[in-house]
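Trainee: I would like to see how this sequence folds:
(chains A, B and C)
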Amino acid sequence: MLRYFIRRLVLTIPVAIGILVISFMLTRLSGDPTDLLLPPDATDSAREAFRRNYGLDQPLLTQFGSFVVNAMRGDFGDSLRFHEPAMSLVMDRMGATLELAVAAMALAILIGIPTGVVAAYKRNTPVDISVRGISLLGQAMPSFYLGILSIIVFSVWLGWFPSSGRGTWWHLVLPAITLSFQLVALIARVTRSCMLDVLGQDYIRTARAKGLGESRVVWLHALRNAFIPVLTVLGLQVGFLLGGVVVIETVFSWPGVGRLAVQAIYARDFPVVQAVVLLFAMIFVFVNLIVDLLYAAIDPRIRYS
Amino acid sequence: MTDTVNGPERAVRKSQFHLVTTRLRRKKPVLVCGTLLIIAIICALVPGMFAPHDPYEQSLLLRLKPPSFMDGGREGYFLGTDHLGRDTLSRIIYGARITLLVSLLAVAVSTIAGIAAGVAAGFYGGRIDSVILRLIDMQLAFPVILLVIAVVAVVGPSLTNLIIIMGLSGWPRMARIVRGAVLSVRGLEYVDAARAIGAGSWRIMAYHIMPNILSAIIVYASFELARMILLEATLSFLGLGVQPPTPTWGGMISDGRNYISLAWWVAFFPGLAIGIIILTFNILGDELRDALDPQLNHE
Amino acid sequence: MIGSMLSRTATAALLSTMALGAGAAYAETVNIAQNFDPQTLWPNGTTASDNLNAGSAIVESLFWQNPASGEIEPLLATVVEMVSDTEALLTLREGVSFTNGEPMNADAVVHSIEIFMDEEQTPAYARVSDLFESVEKVDDLTVRITLSDTFPAFMLALSQISVVPPSHWNEVGLEAYGQQPIGTGPFVFESWTRDDRLVMSANADYWGDAPDGITELVWRPVPEDAARLAGLQTGEFQIVKDLPVSSIPTLENDDSVSLITVPSYRIYQIGLASQEQHESPLQDVAVRQALNYAVDSQLIIDALFFGRAIPLNGQVLREPQPGYNPDLGDYGYDPERARAMLAEAGYPDGFEIDFKCPSGRYAQDREVCEAVAGMLAEVGVTANLIMLEPGEFLRQLRTMELAPMYFVGLAPQDDPGFQASQYLSEWRYSPIANEEMDELILAGATEADPESRAQIYRDLMALMHEQAPIIFLYGGVDIYGTDARITGLEPRGDGRMFFYNVELEE
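Mentor: Numbering: from 1, shown residues only, chains lettered A, B, ... in the order given. Just a heads-up that it's a prediction; the model follows:
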């Protein structure tokens, strides 16, 4: 178990290095931040001064070398726009992003799994059909459109929720629901189909034959076994969530990492882009590692060696 | 299901195809969705036959006119006009072409890349497998939307670039599915048998492995089609989708979003079109999976 | 405000008590929504208006250009006396001190001007400070500035020098100062949660007239247009900058908010590059003129900007600017004439040309480009639209890869000299190389006498009108929305907002 864990950790190293290299190349290819951070009619010597200040005048290979050396120590350089260490800018906003992502994930689990179970149990009844209909609809809308519509309806017309920003719990409602919309639908669908598989298995019949209560059979025995694929999907969807925050944070002015990343890409703020990409990637890798470990906890038959 | 090398296997496959199609034809949702999909495809192929106007023809004097069935609507503009006075209906019809084309080709790119990587990893195993697995991990961990934004910002949002980049963003999942499927059939007797009678790697892959993982690929691809349409819409929102004046549904929603309170129809109808086509892809994918799933054969 | 809005619905009753409690405490808070969070609050750190607006509420400059009068008026300096064409004596305001107690005097101003002249520290202002040669203290309230040449835009430069407390600056350094500045302005820095809120409180010891009824400013970055508009309508924001054009009809009918549209200094144009290295039909002046006849800029103004954008009258200088030529007018929409001129120039069937356009850099940029391409199609010119992401667009502008034809909105420093110099042959993104124009541009740059300078620019405008290096489209419009209780807010055409005469009524 421990050896497996360590082996997986070691395997993330080449992944991290690969991501660093790709993000470095991508950002350098994308142009010169000087064009964006100085007015278009800036003088040539002012442009040179700016480039010198940020080491942009160095040969690419030199830049890459010092980037790698510094990145090893967790130093991604200073943001070109904010003149602060890029990693600390990102970490400052991580709280807001996690708040949003965790809320959306919680909604997805709390709403998606029970509806999926009910839909499977009541297969081909109106309940099932409406759950499937709604969950399919949820996956059929671009999230930015859903977000803007919800601002207009729930903030401007009804006045129930603030239209943007972060602060009270009320501020969290619209962005979290919008972000979780597709996820709830997906989880409900996956749960339903896994439950259908499980409900047809022999051991469920055995459990029923033993005279166990129906709800106990469904919620305990069946769900427990259906949970592994659901968990896998949840783990993979962390990547989707981290991508989703990019749009949702922009629409709802949520002060998180996603919005920082988009603006950093547009402004060619290389250090920040690199820090965000690496951080998101590492979160994704670790969440999925934890998901792997959870398998063993849920299903004792799974052993890692 | 299949345990001999040549003739019988093919016969089984043929009857399986028959089984699947009859099973699908019996379902009402499949019929409805199939019809909708065919309509969309026809629109995409010959938009000129249905569109009442030229989708590019603009008239600033006729901008933001409501649909003809509403007050103030104008005859001949059934779904109203957009912010440049172009006919919304015609743009939706022409938009079907680019929207479907982009998602179809992007899925094709990701499927081909995914199959190549997945088959290689599953079939050869060993070092190739572990290298490909690391690449898959890397790509999965790289936030797709940031990757796409960064690349599109660099190379520019031309149609070809978008298709390639969106497609490459989807290959690792496909590769995983294919690799898993290859692993599960690799050890089966008929593959060993084929090898025993001297079939080469390519032959084994093409004749014995691919047919057996095809259903998994088709089902996954149908969901990917829906995802690509949404991805293009999201890119349009960020200003990096297919560029004007070419109409795409995602782009139309994105352009219309500032006019929602002034002229809701500009964004609403393309939104409806996207919703319907994605529903269609998802339902068809679901049904296809049910129909292809051997476990359900006993029902 | 939030409270009254929420209580409209019964379901939100619980919510509203909560919000009302908060509302009472923030009664005199003004929430301002801008597109971006500032990068730095030190006004000389950048030229982006979202940064400057927030920064200059704290850090003041020597003079300011008052948008109400259009004149450059005293702020921390009271008088400037030109001893000669290249030497000026600056008299400072007496009895002003920074909020950390340091006096605002000649030492502080000399220190600040030295920073302004150093292009390592203020690269964004290097063009304005180019002709500054030296600065020295004469006495406690007098400073001498020496210029290397006649500098007609000297006053404009003085209006951009922000004055910082020297001991504090030397203690914390440029970067830290930008994050938590100390100045002489009407507001004092309180706290800043990045990308979320920047809070300032009123300066109780402000030397001038403090804005009435405002005890706190909260700056909020809200990138999505629809969300800024929504926040204004719900009363979450009292001042909103850069509203989308499509909000004009909605806000015109809303009594609880005021709609302020400001003619922008930004001049929108379609560059028609005609230099030797850019081979295209645009090298022929008749073709460039024909394209001006082919584009109905008035219709663009009326339809896409609800009539609020400004006609250019066939020149790049605006009405009150010296050098504006009243004899010129718009080319006018005349597709017949355009077609005839194209035929005469050898293009009876029109031609095909690449047309580059930024996507998301300017208000309505995509729409305008699509509209222009549509109009050109009418006269047989097929313009292949190529949309560029804003960063890529700026890169191509610098290297002039945008040629031969591109949409751009140019807003240099507000002086005809800076406007004109963008069409100088040797300038990196000039669309034209014309010796006659060059002579006028260079003459205007160093002409000290205001009247002869204005005449030079009037001649230049006439020549440029005829040479048509651009399609003259429109002057931009900036759209602000405020709570109806706010009075006296007069934003300037370069996106700048000041609080000098602003009031928040009960």
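
Trainee: how about low-confidence regions in the chain?
Mentor: Because you didn't say which chain, this covers chain A. Applying pLDDT under 70 to chain A flags the ranges A:1, A:299-305.

Trainee: Wait, chain B was what I had in mind.
Mentor: Low-confidence segments of chain B (pLDDT under 70): B:1-16, B:187, B:293-299.

Trainee: Now do the residue in the stretch 51-200 of chain A that chain C sits nearest to: how many residues are near it, please.
Mentor: Per CB to the nearest CB, residue A:163 is where the stretch 51-200 of chain A lies closest to chain C, at 4.0 Å. All C-beta spots, glycine's among them, are computed from the backbone N, C-alpha and C. Per other CB atoms under 10 Å in any protein chain shown, the neighbour tally for residue A:163 reads 30.

Trainee: State the distance from it to residue B:41.
Mentor: Distance of residue A:163 to residue B:41, given as CB to CB, to the nearest Å: 40 Å.

Trainee: Then residue C:85?
Mentor: 75 Å.

Trainee: on that earlier part again, three-state assignment of the residue of the stretch 51-200 of chain A closest to chain C?
Mentor: coil (DSSP: H, G, I helix; E, B strand; the rest coil).

Trainee: Now do the contacts for it.
Mentor: When contacts are counted by CB atoms under 8 Å, 6 or more residues apart in numbering or on different chains, residue A:163 touches A:151, A:155-156, A:252, C:227, C:230-231, C:234, C:236.

Trainee: Residue C:331 now?
Mentor: Neighbouring residues of residue C:331 by CB under 8 Å, 6+ apart: C:289, C:292-293, C:314, C:472.

Trainee: Secondary structure element holding the closest residue to residue C:257 other than its chain neighbours?
Mentor: Spatial nearest neighbour of residue C:257, excluding adjacent residues (CB to CB, 6 or more residues apart in numbering or on different chains): residue C:481 at 5.2 Å. Here residue C:481 sits within strand C:470-483, counting by DSSP states H and E.

Trainee: helices or strands next to that strand in the packing?
Mentor: With contacts taken as 3 or more CB pairs under 8 Å, 6 or more residues apart in numbering or on different chains; DSSP states H and E, strand C:470-483 sits against strand C:239-240, strand C:257-272, helix C:285-294, helix C:297-304, helix C:365-378.

Trainee: would TSV of those with mean neighbour count and mean pLDDT be doable?
Mentor: Rendered in TSV, the data for these read as follows (neighbours: other CB atoms under 10 Å in any protein chain shown; pLDDT from 0 to 100):
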stretch	mean neighbour count	mean pLDDT
strand C:239-240	28	96
strand C:257-272	22	95
helix C:285-294	23	96
helix C:297-304	20	94
helix C:365-378	22	93
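
Trainee: between those, which gets nearest to residue B:139?
Mentor: helix C:365-378 (31.7 Å; CB to CB).

Trainee: How about that closest one and chain A, touching?
Mentor: No - figure legend: helix C:365-378 not in contact with chain A (CB under 8 Å from any CB of the partner chain); closest approach 14.5 Å.

Trainee: which residues touch residue 72?
Mentor: You didn't say which chain, so I picked chain A. Neighbour list for residue A:72: empty [criterion: CB under 8 Å, 6+ apart].

Trainee: The chain in question should be chain C.
Mentor: Residue C:72 sits next to C:63-66, C:155-156, C:158-159 when contact means CB under 8 Å, 6+ apart.

Trainee: ok, now with 10 Å
Mentor: C:62-66, C:80, C:154-156, C:158-159 (CB atoms under 10 Å, 6 or more residues apart in numbering or on different chains).

Trainee: just checking, which of those belong to helices?
Mentor: Using DSSP state H, the subset of those located in helices is C:154-156, C:158.

Trainee: Of those, which is the nearest to chain A?
Mentor: Closest approach between those and chain A, by CB to the nearest CB: residue C:156, at 14.0 Å.

Trainee: quick one: the closest one and residue C:322 touch, right?
Mentor: No - applying CB atoms under 10 Å, one finds residue C:156 not in contact with residue C:322, separated by 11.8 Å.

Trainee: can you list residues touching both of the two?
Mentor: The contact sets of residue C:156 and residue C:322 overlap at C:415, C:417 (CB under 10 Å, 6+ apart).

Trainee: and the longest helix for chain A?
Mentor: Chain A, longest helix under DSSP H: helix A:169-199.

Trainee: what about the helix or strand just after it and chain B, touching?
Mentor: Sequence-wise, the next helix or strand downstream of helix A:169-199 (DSSP H and E) is helix A:202-209. No - if you take CB under 10 Å from any CB of the partner chain as the test, helix A:202-209 misses chain B, and the best it gets is 13.0 Å.

Trainee: Tell me which residues are up against the helix or strand following helix A:202-209.
Mentor: The first helix or strand that comes after helix A:202-209 along the chain, using DSSP H and E, is helix A:214-216. For helix A:214-216, the surrounding residues in contact (CB under 10 Å, 6+ apart) are A:121, A:207-208, A:222.

Trainee: TSV for those, including distance to residue C:281 and neighbour count?
Mentor: TSV is the format used below for the contacts of helix A:214-216 (distance: CB to CB, whole Å; neighbours: other CB atoms under 10 Å in any protein chain shown):
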residue	distance to residue C:281	neighbour count
A:121	72	20
A:207	82	19
A:208	82	15
A:222	73	25
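
Trainee: Among the residues you listed, which pair sits farthest apart?
Mentor: Within those, A:121 and A:207 form the most distant pair, 14.1 Å apart (CB to CB).

Trainee: one step back: of the contacts of residue A:163, select the buried ones using a ChimeraX command.
Mentor: A single ChimeraX command selects the buried members of these (16 or more other CB atoms under 10 Å in any protein chain shown):
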select /A:151,155,156,252 /C:227,230,231,234,236
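
Trainee: from the contacts of residue A:163, which are also near chain B?
Mentor: Residues of the contacts of residue A:163 in contact with chain B (CB under 10 Å from any CB): A:151, A:156, C:230.
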